[in-house]
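In: Have a look; sequence and predicted model below, questions after that.
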Amino acid sequence: MDFTTFLKEYFQTIGQVVSATWWFMFPIVLFWLFKELYWRYVWVEYQKGLKWTLLEIKPPRNIERSPRTMEQIFAILHGVWSTPSYFEMYFKGRIFQSIFAFEIRGVNGEMHFYIRTETRYRDFVEAAIYSQYPEAEIEEAEDYVNTVPASTPNPEWNLWGTDYKFSKDDAYPIRTYHKFQEEVTKGMIDPLAPLADSLAFLPPGHQLWLQILIRPVKDNEWTPAVKKVVATLAGREIKKESMAIIRFFSEAVGVLVSSVQNIFGPVPEKKEEKKEEQPLQFRLTPVEKDVLQAVEESLNKKAFKTKLRLLYVAPRDSFRKAYYQAVDGFTHQFNDPNLNTLTKDNETKTYANYWFRKYRLTWAQRKIFRRYITRDNDGPNMYLNTEELATIWHLPDMSAVSPSIARIEAKKSGAPLNLPVE
């Protein structure tokens, strides 16, 4: 049989299968296609009706609080999670939970902190901030992404950007603020201090944007995967819930067989040989114990589905690779080879090699720029708990002395109670 005859018979077989099954296969395919398009349509329409507010948070000058304070704020914001009704899902388009954007902007040697939220949650967000940072200043701000042309990159402007992802399973946490400690004085080293120093050296017109998009998730959405990793690290047997029915029937058959055997005579009892195992603390190395403890402790935290994104935008004639490399190095301090590391995602990173490099690079740059300005969480997402989020985004304390941090110049206070009134 030559190749032409083989192809002819192959396509004839496919045609026969299609002609025999089209009457029930096509409706299934069409229903699936309609469902996907409908979900996309109602979600887009739901997003069009949302109103957003961008808040700038200015930290007080003499703040003495660790990132643990910010961890409490993230835990409070997790409370917006709610189960949508069928009417809200199928007719209003509320398919996903509300999303918050925590952003840091470096421009003209200054470091600014922003929170983008749905307008209906503005009071809730401000109350959460003031509850932990009562001396902070919160102002509604114009969206800073409008300071750069929407057509970037263009002949005048250039950009570099990337999304980040985990190198291991999301159950393994990154290095958090508890491990940022000076050995001599035992004081905390603010994780944002290196970023603040890098932003202080940005030339005029250059901007660096760090974006963290978070969406609260239910505990049962991510804890099963964490518990599975814990069981693997501890050497325990992992029982699959999907096999419960099979185990039930196998045990029932075993009981029935034993009953029949007992009719014809005694059945010798099977003795299970127990394997002697050393206690867990003797089977694990010190590093393995630390990893197991870190993973188990993450179960006690609330989690968010998170997108981490970095952009560097600058005039094309003064665009320098060294500026975004310094800020990208800021993420390396959260890496722990024994736990987890943040790596750049090659699917979203703005680079291109070999064929049509110029066009492919421009397409990648405009795609990640559009996703940033629209706060779109397409691409790789991670599950980060409140402690991990607070380590990356928080209001720096007074130990971070970089001049780039835009702080409150003077403390505001109310009018005295005995002020005379005409």
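Out: Thanks, I have the structure now.
In: from here on, contacts and neighbour counts on C-alpha atoms
Out: Noted.
In: For stretch 180-191, measure first residue to last.
Out: In stretch 180-191, first residue to last residue: 7 Å (C-alpha to C-alpha, to the nearest Å).
In: do stretch 151-170 as well
Out: End-to-end for stretch 151-170, by C-alpha to C-alpha: 35 Å.
In: List the contacts of it.
Out: For stretch 151-170, contacts defined as C-alpha atoms under 8 Å, 6 or more residues apart in numbering pick out 226, 307-317, 319, 324, 340-346, 348-350, 362, 365-366, 368-369, 379-384.
In: and if you look at stretch 41-61?
Out: By C-alpha under 8 Å, 6+ apart, stretch 41-61 touches 90-95, 112-120, 122, 133, 135-143, 395-396, 398, 406-409, 411.
In: and if we set it to 7 Å?
Out: 91-95, 113-119, 135-143, 395, 398, 406-408 (C-alpha atoms under 7 Å, 6 or more residues apart in numbering).
In: Over to stretch 347-355?
Out: 160, 161, 162, 163, 360, 361, 364, 365, 368.
In: Could the C-alpha coordinates of that stretch be exported in PDB?
Out: Coordinates of each C-alpha in stretch 347-355 appear next as PDB, following Å, rounded to 0.1, in the frame of the first residue of the first chain:
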ATOM      1  CA  GLU A 347       5.200  33.500  27.300                       C
ATOM      2  CA  THR A 348       4.600  37.100  28.400                       C
ATOM      3  CA  LYS A 349       8.200  38.500  28.700                       C
ATOM      4  CA  THR A 350       8.900  41.000  26.000                       C
ATOM      5  CA  TYR A 351      11.600  39.400  23.900                       C
ATOM      6  CA  ALA A 352      11.700  37.700  20.500                       C
ATOM      7  CA  ASN A 353      14.400  35.700  18.600                       C
ATOM      8  CA  TYR A 354      15.000  34.500  15.100                       C
ATOM      9  CA  TRP A 355      12.100  35.000  12.600                       C
END
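In: For it, buried residues please.
Out: 348, 349, 350, 351, 352 (16 or more other C-alpha atoms under 10 Å).
In: Quick check: the second one vs residue 165, distance?
Out: Note on residue 349: its distance to residue 165, by C-alpha to C-alpha, is 11 Å.
In: so where does residue 114 fall, helix or strand?
Out: Counting by DSSP states H and E, the element that carries residue 114 is strand 110-118.
In: what helices or strands is that strand leaning on?
Out: In terms of contacts (3 or more C-alpha pairs under 7 Å, 6 or more residues apart in numbering; DSSP states H and E), strand 110-118 is packed against strand 52-58, strand 100-107, helix 193-200.
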